[in-house]
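Q: Quick one: sequence and predicted model below, then my questions.
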There are 4 protein chains.
Amino acid sequence: MVAPQDAGVSITVHLPVRLDEIDYLGIVHSSNYLKYMEHARVKLLEQQSVDLLAWVKKGIRAVVVNDTINYQHPARYGDVLAITCRVEEIVERAAKLGYSIMEQKTEREILQATTTVACIDPNGRPTSIPVEVNEALSLPV
Amino acid sequence: MVAPQDAGVSITVHLPVRLDEIDYLGIVHSSNYLKYMEHARVKLLEQQSVDLLAWVKKGIRAVVVNDTINYQHPARYGDVLAITCRVEEIVERAAKLGYSIMEQKTEREILQATTTVACIDPNGRPTSIPVEVNEALSLPV
Amino acid sequence: MVAPQDAGVSITVHLPVRLDEIDYLGIVHSSNYLKYMEHARVKLLEQQSVDLLAWVKKGIRAVVVNDTINYQHPARYGDVLAITCRVEEIVERAAKLGYSIMEQKTEREILQATTTVACIDPNGRPTSIPVEVNEALSLPV
Amino acid sequence: MVAPQDAGVSITVHLPVRLDEIDYLGIVHSSNYLKYMEHARVKLLEQQSVDLLAWVKKGIRAVVVNDTINYQHPARYGDVLAITCRVEEIVERAAKLGYSIMEQKTEREILQATTTVACIDPNGRPTSIPVEVNEALSLPV
C-alpha cells in the first residue's frame, strides 16, 4: 500500500533560524536539521489527526530506524526555512517520510532527506503501525 | 538546617567542550552551561545515593525555580571543564546548589552559578523535599 | 542614563515549542529558555537597527555577564510562547535586558528573567557600548 | 586511493549520555548522535595532526554533504557511549567516514552511520582536499 509522492499526504511548516543554531562556521549546525525535520513530521501527524503523545501513552512508540540527509546549501542566521514533509511510503511495519528544506525568500535548497519509522510495542518488539495511523497517513486530507 | 559550603556535600565532574557547543562567536553557547550544571547536579545526587528517576516514577519532581549565572570567561573548543556542584542550603521545601566551572588545564574560571530547586507532587503543588533526599544532601558522605 | 521600563524599547516575538525541546519530564528543558531569550534579544536589536553581526566584524562583541531566570510554570509541547524582551537599563559599559515569557493561548506565565550584557574589544578588554548602539536602545521607536 | 576499513585510520572516544540529551520518550534525542559523531570525527583529525580550525582560518572548509544513520537500539541516561570513527574512503574531493556507537558496559549496538565530507574554498566552490589532510587520513599512525 504505497502512497505515491505526488498524491500523498504532506505539510510545509516555517521556522526562523535562531542564533543559537549557528555553529563555529557561521552556518546552521547539522544537528538542528534533524530537529526541524521532526517538527515537520509531528505537525504532519497532527494535521492528519494522529495524536503522537496519545499513542505513546498507549505504549505504542514510533522509533526512527534510518535518517538519510543530503545537504545542498547551508542555512544561515536570518533565514526562514520552509520545511516540507511528505509520506513517501507506508507499509505494515514501517513508514518512510521525505523532506525538503528550502529558504523561503531566496528559494535556495538547503537539503533533501528521508526518515524511516517503525513501531515498537511496550516490550520494545517491532509491531504493526496502528491501522488508524496507517489510514490517516495513506489518504490525502 | 544549613549545610555550610566548606563542610557540605559536593562533587566535581569533568566534561570536554564539544564542537557542536561552540557558537557563531567561537565560544561555548551559554545554553550549554545549564546542561553542564545539570549534569553535575545529577551526578551529585547519584553520589549521595539519590535516584532521581526513581523519585520521578513515584510522582515527586524536583523543579528548578531559579538559575543565576555569573559568567567570567568564555569556554572554548578544546577546553576540558571541571564542574563543581555543592549543596549550599537545604530547607524543607527548597535546596540551593552552587556551581563553579573551571578550565582544567589553565584553571581559568568560566563561571559561578546557583540553582534553586523545589519539589512538586503529582498534582503540581509544592511539597516537602523527601526526608531521605534532604538527609542525603545534608551530610557529607 | 536609565530608560524606565514602561517607556523603554521592547519587542515580543513568538516561537512554537518544538518536540526536541522537551525533556525526560515532558517539559521544556531549561537550556532552551536561554535560546528563546537570545532570539528575542537579537530581534530587539534588529528592530532598533542594530546589526549585531556587523559589530562582531568590527571586533566589538557583546558578552553576557549575568543571566538570572525565575521559572514560574513549565512550557510544554504544543505551547506557543510569547517572549518579550525590553531594555531595563543601559549605562556606558553595560545593558540590562528584562524578559517575560508567556504561553500565548492560556496567558500562563512561564518565566521572568534578566540578562546583563557588556562590551569587549578585539583584545577581550571591557569597552564602552558603541554610542550608536546605546542611543538605539535608549529611545523608544 | 581507498583506505580499506581494517587497515585504516580510526579512533574511539567515550562520552557519557547527559540528562539534557534525553527526550520526551526517555531516550537520547537523535540530534545528539550527530553531535557525538562530529566529536569523534574531529578527535580523529586531531589524532592525525590535522588542525581543523587552522584550515578554517586559511579559508578551506570541510562541509558535510551526506549523513546516513541506521539506528539499532536507543541510548539512555547513564549509558557511556564508545563512538568509533574510521576513514572509509578518501578521494581527491571527498572523504567518507564510518561510525559505530556502542554502549560501553553492555556492548549494546546503538547505531551505525556514515558521513561524506567535501571541501569548499573561500568562494564556496568545491575544491580538493588539501594534500596534507588527504595523506594524514590515508595512512595509519
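A: Ah, there it is.
Q: Name the SS class of the residue nearest in space to the middle of chain A, please.
A: Most central in chain A under CA atoms, centre = their mean is A:Arg41, positioned 3.2 Å from the mean C-alpha point. Look at A:Arg41: counting by DSSP: H, G, I helix; E, B strand; the rest coil, its state is helix.
Q: Let me know whether it touches A:Thr115 as I believe.
A: Yes - A:Arg41 lies in contact with A:Thr115 (CB atoms under 8 Å); the separation is 6.8 Å. Heads up, the C-betas are built off the backbone N, CA and C, glycines and all.
Q: between the two, what contacts are shared?
A: Taking CB atoms under 8 Å, 6 or more residues apart in numbering or on different chains as the criterion, A:Arg41 and A:Thr115 both touch A:Leu97.
Q: Which helix or strand contains the closest residue to A:Gln48 other than its chain neighbours?
A: Spatially, and ignoring its direct neighbours in sequence, A:Gln48 is nearest to A:Ala136 (4.2 Å; CB to CB, 6 or more residues apart in numbering or on different chains). If you go by DSSP states H and E, A:Ala136 is part of helix A:131-138.
Q: Next, find the distance separating the residue nearest to A:Gln48 from A:Leu45.
A: 8 Å (CB to CB, to the nearest Å).
Q: sorry, back to before: give the contact list for the residue nearest to the centre of chain A.
A: So A:Arg41 contacts A:85, A:97, A:115 (CB under 8 Å, 6+ apart).
Q: ditto for A:Val56
A: D:24-25.
Q: tell me the phi and psi of it?
A: Backbone torsions of A:Val56, given as degrees, to the nearest 10, read phi -60, psi -40.
Q: I'd assumed D:Ser30 was in contact with A:Asp67.
A: Yes - if you go by CB under 8 Å, A:Asp67 and D:Ser30 touch, sitting 6.7 Å apart.
Q: Residue numbers of chain A in contact with chain D?
A: Proximity of chain A to chain D (CB under 8 Å from any CB of the partner chain) is limited to residues A:24-25, A:30-32, A:34-35, A:38, A:53, A:56, A:61, A:63-71, A:74.
Q: Centre of the chain to the helix or strand of chain A with the lowest mean pLDDT, how far?
A: Every helix and strand of chain A was ranked by mean pLDDT, DSSP states H and E. The lowest is helix A:52-57, at a mean of 85. Centroid separation between helix A:52-57 and its chain, computed with CA atoms, centre = their mean, to the nearest Å, is 17 Å.
Q: Then stretch A:54-71?
A: That offset, for stretch A:54-71, works out to 9 Å (CA atoms, centre = their mean).
Q: for stretch A:78-85, same thing?
A: 13 Å.
Q: Buried residues, that stretch. List them.
A: For stretch A:78-85, the neighbour count (16 or more other CB atoms under 10 Å in any protein chain shown) marks A:79, A:81-85 as buried.
Q: Name the surrounding residues that touch it.
A: Stretch A:78-85 is contacted from outside by A:10-17, A:28, A:36-37, A:39-41, A:43-44, A:75, A:97-105, A:110, using CB under 8 Å, 6+ apart.
Q: Filter these down to the buried ones.
A: The neighbour count (16+ other CB under 10 Å) marks A:10-13, A:15-17, A:28, A:36-37, A:39-41, A:43-44, A:75, A:97-103, A:110 as buried among those.
Q: Inside helices: which ones of those?
A: A:36-37, A:39-41, A:43-44 (DSSP state H).
Q: I'd like to know how far the residue nearest to the centre of chain A sits from A:Cys119.
A: To A:Cys119, A:Arg41 is 14 Å away according to CB to CB.
Q: Excluding sequence neighbours, find me the nearest residue to A:Ala95.
A: For A:Ala95, ignoring the flanking residues on the chain, the nearest one in space by CB to CB, 6+ apart is A:Val117 at 5.0 Å.
Q: Okay, angle between the helix or strand hosting the one you found and helix A:131-138 too, please.
A: According to DSSP H and E, A:Val117 maps onto strand A:109-120. Angle of strand A:109-120 versus helix A:131-138, following axes from the mean of the first three to the mean of the last three CA atoms, to 10 degrees, is 160 degrees.
Q: Now find how far off-centre strand A:109-120 is within its chain.
A: Relative to the centre of its chain, strand A:109-120 is centred 6 Å away, using CA atoms, centre = their mean.
Q: Equivalent analysis for stretch A:102-119, please.
A: 8 Å.
Q: swap in stretch A:39-52?
A: Put simply, stretch A:39-52 sits 9 Å off its chain's centre (CA atoms, centre = their mean).
Q: just the CA coordinates of it, formatted as CSV?
A: Written as CSV, here are the backbone C-alpha positions of stretch A:39-52 (Å, rounded to 0.1, in the frame of the first residue of the first chain):
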residue,chain,number,x,y,z
HIS,A,39,9.0,19.3,13.9
ALA,A,40,7.5,19.0,10.4
ARG,A,41,6.9,15.2,10.9
VAL,A,42,4.9,15.8,14.1
LYS,A,43,2.9,18.6,12.5
LEU,A,44,2.1,16.3,9.6
LEU,A,45,0.8,13.7,12.1
GLU,A,46,-1.3,16.4,13.8
GLN,A,47,-2.7,17.6,10.5
GLN,A,48,-3.8,14.0,9.9
SER,A,49,-5.4,13.9,13.3
VAL,A,50,-2.8,11.5,14.7
ASP,A,51,-2.0,12.3,18.3
LEU,A,52,1.5,11.1,18.8
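Q: Of the contacts of A:Arg41, which is the nearest to chain B?
A: Comparing these against chain B with CB to the nearest CB places A:Thr115 closest, at 20.5 Å.
Q: The closest one touches A:Lys96, doesn't it?
A: Yes - using CB under 8 Å, A:Thr115 makes contact with A:Lys96 at a distance of 7.3 Å.
Q: Contacts for stretch A:46-55, please.
A: Identification of contacts with stretch A:46-55 by CB under 8 Å, 6+ apart yields A:9, A:11, A:42, A:45, A:61-62, A:130, A:132-133, A:136-137, A:141, C:77, D:24.
Q: how about that stretch: buried residues?
A: For stretch A:46-55, the neighbour count (16+ other CB under 10 Å) marks A:48, A:50, A:52, A:55 as buried.
Q: Need those residues in CSV (columns: distance to C:Ile90).
A: Below are the buried residues of stretch A:46-55 laid out as CSV (distance: CB to CB, whole Å):
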residue, distance to C:Ile90
A:Gln48, 49
A:Val50, 49
A:Leu52, 45
A:Trp55, 50
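Q: any idea how far chain D is from the residue nearest to A:Thr12 when sequence neighbours are not counted?
A: The shortest distance from A:Thr12 to any non-neighbouring residue, by CB to CB, 6+ apart, is to A:Thr84 (4.5 Å). Distance of A:Thr84 to chain D, given as CB to the nearest CB, to the nearest Å: 19 Å.
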